[in-house]
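**Student:** Provided below are the primary sequence and the corresponding predicted coordinates.
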Amino acid sequence: DAKTTQPNSMESNEEEPVHLPCNHSTISGTDYIHWYRQLPSQGPEYVIHGLTSNVNNRMASLAIAEDRKSSTLILHRATLRDAAVYYCILRDANAGKSTFGDGTTLTVKP
Amino acid sequence: EAGVAQSPRYKIIEKRQSVAFWCNPISGHATLYWYQQILGQGPKLLIQFQNNGVVDDSQLPKDRFSAERLKGVDSTLKIQPAKLEDSAVYLCASSLGPSGNQPQHFGDGTRLSIL
């Protein structure tokens, strides 16, 4: 399975943008890039996903490198409620098989 | 729409006892997943169903864990007998289909403590 690499932790100030990086150098042409986040005592929550082009939704933006070996999740204005563990995973287009790493713990300071 | 429902929310048992978890996926979702999440780690896939058939159970410890999805809707995961290392949160997720283009939707899990 293709693997992803994320920093263990990041900090941000409230109301500032946050850029969460993810490296996936062994990505295959049929792997979708997904981002999930997990708040304490809750299950992971879907944030966004994409294949090749950048994607925007109400929660975040996903910027995908041209060679697809890395991606960045962008939270445009961090709030205290965005403090969570963020997971970047790859999901195969056909079988949907995916592997979670240990994610990035985002701390948002008021 | 209603989310993925799981029960119980918490369970405490002694080692060597049996335990079962229940999951009701989002209506219409054909693909169902069970994950194990040990404290401080990301979720680890145990088994994936497509309707009532198993797609992937390569990481399921089959000597003690079993899962079924008899009518292609609800699912149960069972551990018999439980070991101390099974203490974890068991998460159920569902998606419309198995394609990687489909997001997974997770329940809030069952927290299992083994004494």
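**Tutor:** Happy to help now that I have it.

**Student:** burial of B:Leu84, as a residue count?
**Tutor:** 10 (other C-beta atoms under 10 Å in any protein chain shown). All C-beta spots, glycine's among them, are computed from the backbone N, C-alpha and C.

**Student:** quick one: it from chain A, how far?
**Tutor:** Using C-beta to the nearest C-beta, to the nearest Å, B:Leu84 is found at 22 Å from chain A.

**Student:** B:Lys78 pairs with what?
**Tutor:** With DSSP bridges as the criterion, B:Lys78 is bridged to B:Ala20, B:Ser66.

**Student:** number of nearby residues for it?
**Tutor:** Neighbourhood size, B:Lys78 [other C-beta under 10 Å]: 14.

**Student:** for it, give me its contacts.
**Tutor:** B:18-21, B:65-67 (C-beta atoms under 8 Å, 6 or more residues apart in numbering or on different chains).

**Student:** please apply the same query to B:Ile12.
**Tutor:** With C-beta under 8 Å, 6+ apart, B:Ile12 has these contacts: B:112-113, B:115.

**Student:** at 7 Å instead, please
**Tutor:** B:113, B:115 (C-beta atoms under 7 Å, 6 or more residues apart in numbering or on different chains).

**Student:** would you mind listing what in chain B touches chain A?
**Tutor:** When proximity is defined by C-beta under 7 Å from any C-beta of the partner chain, chain B lies next to chain A at B:31, B:41-43, B:55-56, B:91, B:98-109.

**Student:** can you list the low-confidence ranges for chain A?
**Tutor:** Within chain A, the stretches with pLDDT under 70 are A:1-2.

**Student:** how about the residues of it near chain B?
**Tutor:** Counting by C-beta under 7 Å from any C-beta, the residues of chain A close to chain B are A:31-32, A:42-44, A:46, A:49, A:87, A:91-97, A:100-103.

**Student:** mind checking which of those residues land in strands?
**Tutor:** Among these, DSSP state E puts A:31-32, A:46, A:49, A:87, A:91-92 in strands.

**Student:** including neighbour count, could the residues you listed go into a markdown table?
**Tutor:** Output for these, formatted as a markdown table (neighbours: other C-beta atoms under 10 Å in any protein chain shown):
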| residue | neighbour count |
| --- | --- |
| A:Asp31 | 21 |
| A:Tyr32 | 21 |
| A:Tyr46 | 18 |
| A:His49 | 21 |
| A:Tyr87 | 24 |
| A:Arg91 | 25 |
| A:Asp92 | 17 |
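
**Student:** closest one of those to A:Arg77?
**Tutor:** A:Arg77 lies nearest to A:Tyr46 out of those, by C-beta to C-beta, at 20.1 Å.

**Student:** which residues touch the residue nearest to that closest one when sequence neighbours are not counted?
**Tutor:** Leaving aside its sequence neighbours, A:Tyr46 sits nearest to B:Pro103 (C-beta to C-beta, 6 or more residues apart in numbering or on different chains; 4.1 Å). Neighbouring residues of B:Pro103 by C-beta under 7 Å, 6+ apart: A:46, A:49, B:95.

**Student:** give me the element B:Pro103 is part of.
**Tutor:** B:Pro103 is located outside every helix and strand, with elements delineated by DSSP states H and E.

**Student:** B:Tyr33 now?
**Tutor:** Here B:Tyr33 is assigned to strand B:31-37, by DSSP H and E.
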